[in-house]
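**Q** Let me see the structure of the following:
(2 chains)
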Amino acid sequence: MSSAQSTANTTPGGFTQVEKGETLIEVKNLKMYFPVMDGILIQKAIAHVKAVDDVSFDIKKGETLGLVGESGCGKTTTGRCILQLERPTAGEIIFEGVNLNELTGKAMSPVRQKIQVIFQDPYSSLNPRMKIGEIIGEPMKVHGIEADTNTRNRRIAELLSICGLDPKFSDRYPHEMSGGQRQRVGIARALSLNPEFIICDEAVSALDVSIQAQVINLLEDLREEFGLTYLFIAHDLSVVHHLCNRVAVMYLGKMVELAESDELFDNPIHPYTQALLSAVPVPDPTAEKTRKHQVLQGEVPSPMNPPSGCVFHPRCPLAVDNCRREIPPLVEKRPGHWVACSQV
Amino acid sequence: MAKLLDIQNLRTQFRTSAGVVKAVDGISYDVDEGETVAIVGESGCGKSVSAMSILRLIPDPPGRIVDGVINFQGRNLLELDDEEIRKVRGAQISMVFQEPMTSLNPVLSIGQQLTETICLHLGSSEEEATKRALDLLGMVGISDAARRLKQYPHHLSGGMRQRVMIAMSLSCEPKLVIADEPTTALDVTIQAQILELMKDLSRRMGVAMVIITHNLGVVARYADRVNVMYAGKIVEMGTAEQVYHDPRHPYTVGLLASVPRMDQRRGKQLVPIEGQPPDLTNLDDGCSYRPRCRWAVERCASEFPPLEGVGDNHVSACWRVAEMQELRKETL
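**A** The predicted structure follows:
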């Protein structure tokens, strides 16, 4: 029995097979606090950066969930926690029925096959000393899939052509390729283990518009072809709107709004989402003249010392006294549309 | 009315071990007083080099402006000697760079950097300069200006630093500000703050702006006129409305079809431009967009098309420009 079959039919490690439309991954009350250390001989935590503070959401199989927000809002950290690249301070990450936070060592291995990541920077996420073929083949080597060199090389060639690259690229080095081509290599590497879930962390942000559209279309095609599920982390709202079924908006470690993509972009409820959407200019001069431009004052406060109550209150046009004291819970204001604001 | 800035046939090249890179290859455009002109294009199309060439900031070697005329208020900037061009830089034409992290000097305080320009160009005393610096910081929306003057760049956030850059660029009341990707490194809400600020200040002070960007949304919101660049050449020029609603060059058509739009319903597939931008060391006589163009014909391989008028001040460099309104329906 080849190992490729075993991942498809059985579920080692207690994972339950999930059908399309069912919950694939559930993040419950995720918290990730990074200690800030001080002291010369004896290091002591003097404060904590609350990068992710009590975030919950789920992703259905076959769906793309967008995670948006400005730098430092905790979107990347959320992705890293799901990948178990960071051990969360608290909370649960349940993937196919297994709580990933409780897995250690060898037990993590099947998870790493099922969950893959595509990074932002196609320049630094590929090892400059490895050939493209080695880069794509390494995950298979590590996990003992396609152990035979010939079949592995065939698989590498297949992955390259799936991602729109000539199979002869496998003998080249990353520096011989353009940014768009490198990002395709990153995608091929992520696909090499037949994952079920891919975290795209700003996967198209570094690319030029015309190349970005190529990669976006590739990601969409792969999703259809292999029944993939994506967590798409990005700051570009237009791309997120295009690619995602549902979108979650984060601000300073908190989730402030979560809804279907069209619903969120047509009827944003949270004042932060409204400001965020109005800040993005659309490529149409006539539409721009009539659009409401709401410029948000001030800057994002430090996550080391976040504001009390609702973290958005110092910049919020609707803030009242109570916002300073009470943390607004995420509540369902409309069907499937969750908002954390007490004033709307 | 005379143009504030009138660039004719500018060519800037870089000599590298791989050959001569024709970064800017014969571009011509002008800027009226108080007007905002955007230069859009993708990485490596020569948009930044064309802007740096205006102030002769191209490092030589390897770079060199080999041809062209840059008339600014009736003087050809390319013929000025070093002393004269220094009087133009920062005083009459100033620049805002992309990286607010690297374009400020980390070992000088904000106050020192701001007053340096003012003392140098306006001949003010230190006291007057400090007073002016305080006013400028207030104008760009930095509160607690007196304290900020004593701080160093690392004390400030990216958005704050870009505000300082803008204050600096306006300190001598220039006629023209060149902004090279002024908000690319910033978050969207901060980007909106900075761009609204620049637009407001340029309107109030009558400053003309050249904005260099790859963001088609920013262009749509802020530019009066748009120059689209590809591989060192301007391929289309017109008002923002003309270029966005009636694009006449295949590259512009391709760019507009490849951006996802937030203001439209989901579900439409993007139409990307296939292939890669060309290698600028190895361009032939034909149209450089030809290999990626879905409507290329034989003539495109042999001759580069001239910029041809298609409407009031709207020009496009394409042999099939007359058919473009028909052809572009394929990508809609």
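**Q** Which parts of the stretch 51-200 of chain B are helices?
**A** Along the stretch 51-200 of chain B, the stretches classed as helices by DSSP state H, counting those that start in this stretch are B:82-88, B:110-122, B:126-139, B:145-150, B:158-170, B:188-205.
**Q** okay if I get the ones you listed as TSV plus mean neighbour count and distance to chain A?
**A** Backbone N, C-alpha and C define where each C-beta goes, glycine included. Below are the helices of the stretch 51-200 of chain B laid out as TSV (neighbours: other Cβ atoms under 10 Å in any protein chain shown; distance: least, Cβ to the nearest Cβ, whole Å):
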stretch	mean neighbour count	distance to chain A
helix B:82-88	13	31
helix B:110-122	20	17
helix B:126-139	17	15
helix B:145-150	16	14
helix B:158-170	24	6
helix B:188-205	19	4
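**Q** Same list (these) but as TSV, adding mean pLDDT.
**A** Shown next, in TSV, are those (pLDDT from 0 to 100):
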stretch	mean pLDDT
helix B:82-88	91
helix B:110-122	90
helix B:126-139	90
helix B:145-150	90
helix B:158-170	88
helix B:188-205	87
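**Q** Save these as CSV, and put in distance to A:Trp338 too.
**A** What follows is those, written out as CSV (distance: least, Cβ to Cβ, whole Å):
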stretch, distance to A:Trp338
helix B:82-88, 56
helix B:110-122, 43
helix B:126-139, 41
helix B:145-150, 40
helix B:158-170, 29
helix B:188-205, 22
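**Q** Looking at these, spot the one closest to A:Ile82.
**A** helix B:188-205 (24.6 Å; Cβ to Cβ).
**Q** which residues make contact with the closest one from outside it?
**A** A:70, A:235, A:237, A:275-276, A:278-281, A:293, A:295-297, A:299, B:34, B:36, B:96, B:139-141, B:158-159, B:162-163, B:166, B:170, B:173, B:177, B:179, B:182-183, B:186, B:207-209, B:218, B:221-222 (Cβ atoms under 8 Å, 6 or more residues apart in numbering or on different chains).
**Q** ok, of those, which come out buried?
**A** A:70, A:235, A:237, A:275-276, A:278-281, A:296, A:299, B:34, B:36, B:96, B:139-141, B:158-159, B:162-163, B:166, B:170, B:177, B:179, B:182-183, B:186, B:207-209, B:218, B:221-222 (16 or more other Cβ atoms under 10 Å in any protein chain shown).
**Q** hang on, the earlier thing: select from the contacts of helix B:188-205 every entry located in strands.
**A** The strands, defined by DSSP state E, take in B:Thr36, B:Val96, B:Val177, B:Ala179, B:Ala208, B:Met209 from the contacts of helix B:188-205.
**Q** Point out the least confident one among those.
**A** Among those, B:Val96 carries the lowest pLDDT, at 90.
**Q** Against B:Gly158, how distant is the nearest residue to that one once chain neighbours are set aside?
**A** For B:Val96, ignoring the flanking residues on the chain, the nearest one in space by Cβ to Cβ, 6 or more residues apart in numbering or on different chains is B:Ala179 at 4.3 Å. B:Ala179 sits 15 Å away from B:Gly158, going by Cβ to Cβ, to the nearest Å.
**Q** B:Pro59 now?
**A** Counting by Cβ to Cβ - B:Pro59 and B:Gly158 are separated by 26 Å.
**Q** Which residue ranges make up each domain of chain B?
**A** B:5-223, B:230-331 (automatic domain parsing).
**Q** distance between the ends of the shortest one?
**A** The reference is to domain B:230-331. 20 Å (Cα to Cα, to the nearest Å).
**Q** Does chain A have contacts with it?
**A** Yes: counting by Cβ under 8 Å from any Cβ of the partner chain, chain A has neighbours in domain B:230-331: B:240-241, B:244-245, B:254-263, B:265-266, B:269-274, B:276-277, B:292.
**Q** Which of the residues you listed fall in helices?
**A** B:Ala240, B:Glu241, B:Tyr244, B:His245, B:Gly254, B:Leu255, B:Leu256, B:Ala257, B:Ser258 (DSSP state H).
**Q** Near the third one, how many residues? Count them for me, please.
**A** The tally of other residues near B:Tyr244 (other Cβ atoms under 10 Å in any protein chain shown) stands at 21.
**Q** For burial, what's the neighbour tally of the residue nearest to it when sequence neighbours are not counted?
**A** Excluding its sequence neighbours, the residue lying closest to B:Tyr244 (Cβ to Cβ, 6+ apart) is A:Pro285, at 5.3 Å. If you count neighbours by other Cβ under 10 Å, A:Pro285 ends up with 22.
**Q** For A:Pro285, what are phi and psi?
**A** Main-chain dihedrals, A:Pro285, degrees, to the nearest 10: phi -60, psi -30.
**Q** pLDDT score for A:Gly74?
**A** At A:Gly74, pLDDT is 91.
**Q** let me fix that: A:Lys292
**A** 79.
**Q** Point out where the stretch 201-344 of chain A drops to low pLDDT.
**A** For the stretch 201-344 of chain A, no stretch is flagged by pLDDT under 70.
**Q** Return the residues of it in contact with chain B.
**A** Checking the stretch 201-344 of chain A against chain B by Cβ under 8 Å from any Cβ, the hits are A:208-214, A:216-217, A:220, A:235, A:237-239, A:241-243, A:261-262, A:265, A:275-288, A:293, A:295-297, A:299-300.
**Q** Give me the subset of those that lies in helices.
**A** When DSSP H defines the helices, the subset of these inside them is A:209-214, A:216-217, A:220, A:237-239, A:241-243, A:261-262, A:265, A:275-279, A:285-288.
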